[in-house]
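> Here is a sequence together with a model predicted from it:
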Amino acid sequence: MDFIEKIKADMYEAMKKKEKIKTGTLRTLLAKLKDKQINSGKVLSESECLNLIKMLVKQRRESYVMYEKANRQDLAQKESAELKILEQYLPKVMSEEKTKNLIIKLIDEIGVTDISQIGKIMPHIMKNGGGSIDGKMANKILRELLS
């Protein structure tokens, strides 16, 4: 079963169980995936689907923070619930220790010596992490190691 079919099956299951938030979240996700597929004119790969989900997760996190600051608990709870649903479709994030080990290895391989070369190594870190690296955490670790 491909990635989009799994999301559809989960949406239908949520519909049967009358889980409104999950149904709505997955319906929105499927609409975004279908829209991207139509715009690109080809079947989306799993990595393209994951990138779209990561974007939606980031949007939900930002919205959650905004609603918390505005003291809108009702909207913050909705964003939090949608965030948890979307995160289920993402691969598990690499631990901080594993991320640090990968970064140290890549620093040695590429020969990066100072923080001005951060743009040179970050793409390698993200590529070698296989989609399971938290970019913010990697950037923070990299800055600590190079400064």
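Okay, I see it.

> Now do the longest helix anywhere in the chain, average pLDDT.
Longest helix in the chain by number of residues, with DSSP state H as the criterion: helix 46-69. For helix 46-69, mean pLDDT rounds to 91.

> Following element in sequence after that helix, please.
Counting by DSSP states H and E, the next helix or strand C-terminal to helix 46-69 is helix 73-87.

> picking that back up, measure how the longest helix of the chain sits relative to helix 73-87, angle-wise.
Calculated by axes from the mean of the first three to the mean of the last three Cα atoms, to 10 degrees, helix 46-69 forms an angle of 160 degrees with helix 73-87.

> by contact count, what packs against helix 46-69?
If contacts are counted by 3 or more Cβ pairs under 8 Å, 6 or more residues apart in numbering; DSSP states H and E, helix 46-69 sits against helix 3-16, helix 20-40, helix 73-87. Placement of C-beta: from N, CA and C, glycine included.

> ok, the residue positioned nearest the centre of the chain - contacts?
Centroid check for the chain by Cα atoms, centre = their mean gives Lys54 as the closest residue, at 2.6 Å. By Cβ atoms under 8 Å, 6 or more residues apart in numbering, the contact set of Lys54 is Leu90.

> next one: Leu90
Residues near Leu90 by Cβ under 8 Å, 6+ apart: 50, 53-54, 57.

> One more: Arg60?
Neighbours of Arg60 in contact, by Cβ under 8 Å, 6+ apart: 79-80, 82-83, 86.

> how close does it sit to Val43?
From Arg60 over to Val43 the distance is 26 Å, taken as Cβ to Cβ, to the nearest Å.

> pLDDT below threshold where in this structure?
1 (pLDDT under 70).

> Quick check: Lys8 vs Glu46, distance?
From Lys8 to Glu46 the distance is 15 Å (Cβ to Cβ).

> More neighbours: which of those two?
Counted by other Cβ atoms under 10 Å, Lys8 and Glu46 do not tie: Lys8 has more neighbours, with 16 against 12.

> Surely the more buried one and Leu30 touch.
Yes - between Lys8 and Leu30 a contact is recorded at 6.5 Å, counting by Cβ atoms under 8 Å.
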